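> Need a 3D model of the sequence below.
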Amino acid sequence: MRAMPPQASLPRFVSGAASWPRLRPAAGAIRTLRTVAETIPSTSIKILRLVEAVRQWRRPLMANYRSVGLVPTMGALHEGHLSLIRAAARENHHVVVSIYVNPAQFGIKEDLASYPVTWETDVAALARLDREFADDGANLGRISAVFAPTTSEMYPSGFPGQEVDSKGSFVTITPVGEVLEGASRPTFFRGVATVCMKLFNIVQPDRVYFGQKDVQQTVVIKRMVEDFMMPTRVVISPTTREPDGLALSSRNVYLGPRRRRVAVVLSRALRAAEEVYRSDRLHRGAILGAASNVTKTTLQAQMELPPDQRVAFEVDYISLADPETLQEVDAVDPSKGAILSGAIKMQPVEQPREGEDLGHSGGPAVRLIDNIILPPKAK
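From the prediction side, this is the model:
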């Protein structure tokens, strides 16, 4: 959204242009790329680090009419990512998984430096999935390559920075990128659209795969593909959830057990709002009122607990929006349906108990998002 044998020698991603050593082919290195390929151990999955290496790999597939599916990720792979890769393998001859922590979609005060970097477990998960595909005759293809570039490779003119007024080459999709998440994180969708445009131009996939959890992202990417007439189909897969309803996210590792138990408040709030819609009440006040009641009563109950037990959170927004424009609606149009979405910020544990597991990187504040699609009602 990185491995150099031996894996232990791999530098950790930190941030921006300083994150990775610049990997540029020396004179004659392009010729070497054609004959020497790094692979995930015990698999045929290539690890491609350079744009030119991806293009060399892609050209003969295009000439032979072999389809390619791309699954963009920022690593820290979980079952949601793997479900997207499975969907891509069913529909394409070759699957490319990109692993790139894109600094452009983080704000200057966000958690880029602490974002989980799990290359070893990621490639192990891909190797296991590749063996699963080998035993499954229902798949059209398998994982063929991992694209793991450096920031200097992805931003050859230099990384332009994370500030709102940064200068550089960006892709901005408005107005759908300016509301909801875009209102709270003004550089986020600019960074997402920019890196996806780069990935699509590099890999030239026939299909790209995203999860519904990041519903606004899917709307932004669909709009970008349509408006720029890109020959790629955007495929959206349902949100993968834990048994208690929490949407899978790479950021869940920050929570720790105490906050993890309370983090289901967002999915519970959205489910309560969905039930109102299913009961044929279409007005905004009734639908969002049900969600608000869940968040308010949950927070009140937490605040009545002692500091070494409670969990605080803030609701950024809960939205009822048009499924195409993401503009807020006063009532759901039953012929179109709507998107219920929300974001909450789980605050750091106020008073840790001795030896308490606070989560990855000491349990910083965690922003969680989720959504439910309200389908059109049958006439």
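> any chance you could map the strands in this protein?
With DSSP state E as the definition, the chain shows strands at residue ranges 38-39, 46-48, 68-73, 94-99, 142-147, 207-211, 233-237, 313-321, 338-346, 366-374.
> Serialize those strands to TSV and add fields for mean pLDDT.
Listed next are the strands of the chain as TSV, based on pLDDT from 0 to 100:
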stretch	mean pLDDT
strand 38-39	94
strand 46-48	98
strand 68-73	98
strand 94-99	98
strand 142-147	97
strand 207-211	98
strand 233-237	97
strand 313-321	98
strand 338-346	98
strand 366-374	97
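> Highest mean neighbour count across these, which stretch is it?
Comparing the strands of the chain by mean neighbour count (mean count of other Cβ atoms under 10 Å), strand 94-99 comes out on top with a mean of 28. Any C-beta I mention is one placed from the backbone N, CA and C, and that applies to glycine too.
> who's in contact with that one?
Residues from elsewhere that reach strand 94-99, judged by Cβ atoms under 8 Å, 6 or more residues apart in numbering: 1-2, 54, 61, 66-75, 81, 85, 88-89, 119, 122, 126, 141-149, 199, 203, 205.
> 7 Å instead?
The contact list for strand 94-99, computed with Cβ atoms under 7 Å, 6 or more residues apart in numbering, reads 1-2, 61, 66, 68-73, 75, 85, 88-89, 122, 126, 141-148, 199, 203, 205.
> Let's have the strands of the chain in CSV, adding distance to residue 158.
Supplementary listing: these in CSV, determined by distance: least, Cβ to Cβ, whole Å:
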stretch, distance to residue 158
strand 38-39, 26
strand 46-48, 22
strand 68-73, 22
strand 94-99, 21
strand 142-147, 21
strand 207-211, 27
strand 233-237, 30
strand 313-321, 32
strand 338-346, 32
strand 366-374, 28
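> of the ones you listed, which approaches residue 175 most closely?
strand 313-321 (11.9 Å; Cβ to Cβ).
> doesn't residue 357 make contact with residue 349?
No - contact criterion Cβ atoms under 7 Å: residue 349 and residue 357 do not qualify, at 10.1 Å.
> Those two: who's more crowded?
Taking residue 349 and residue 357 together and counting by other Cβ atoms under 10 Å, residue 349 has the greater number of neighbours (22 against 13).
> Do you know the pLDDT at that one?
At residue 349, the predicted lDDT confidence score is 97.
> can you pull the contacts of it?
By Cβ under 7 Å, 6+ apart, the contact list for residue 349 reads 258, 259, 358, 363.
> looking at the residues you listed, which has the most residues close by?
For the contacts of residue 349, the largest neighbour count, defined by other Cβ under 10 Å, is 23 neighbours, found at residue 259.
> Which residues are in contact with that one?
Listed by Cβ under 7 Å, 6+ apart, the contact set of residue 259 reads 311, 346, 349, 359.
> How about the second one: what's its closest non-neighbour residue?
I take that to be residue 346. In space, not counting the residues next to it along the chain, residue 346 is nearest to residue 366; the distance is 4.4 Å by Cβ to Cβ, 6 or more residues apart in numbering.
> same thing with residue 360?
Once its chain neighbours are removed from consideration, residue 360 has its nearest residue in residue 253; the separation is 4.2 Å (Cβ to Cβ, 6+ apart).
> Kindly report the same for residue 262.
Here the nearest residue to residue 262 in space, its sequence neighbours aside, is residue 311; by Cβ to Cβ, 6+ apart that works out to 4.2 Å.
> Okay, helices next: where are they in the stretch 51-200 of the chain?
Assigned by DSSP state H, counting those that start in this stretch, the stretch 51-200 of the chain shows helices spanning 51-63, 79-91, 119-134, 151-154, 181-184, 188-203.
> got the end-to-end distance for stretch 105-123?
24 Å (Cα to Cα, to the nearest Å).
> pLDDT on that stretch, on average?
Confidence over stretch 105-123, taken as the mean pLDDT, stands at 87.
> Just checking the distance from it to the centre of its chain.
11 Å (Cα atoms, centre = their mean, to the nearest Å).
> How about stretch 142-162?
The chain centroid and the centroid of stretch 142-162 are separated by 16 Å under Cα atoms, centre = their mean.
> so how far does it reach from one end to the other?
36 Å.
> do stretch 70-86 as well
Using Cα to Cα, one end of stretch 70-86 lies 11 Å from the other.
> Okay, buried residues for it please.
Of the residues in stretch 70-86, those buried under the neighbour-count criterion (16 or more other Cβ atoms under 10 Å) are 70-78, 80-86.
> what do you get for stretch 98-111?
Buried residues in stretch 98-111, counting neighbours by 16+ other Cβ under 10 Å, are found at 98, 99, 100, 101, 102, 103, 104, 105, 106, 107, 110, 111.
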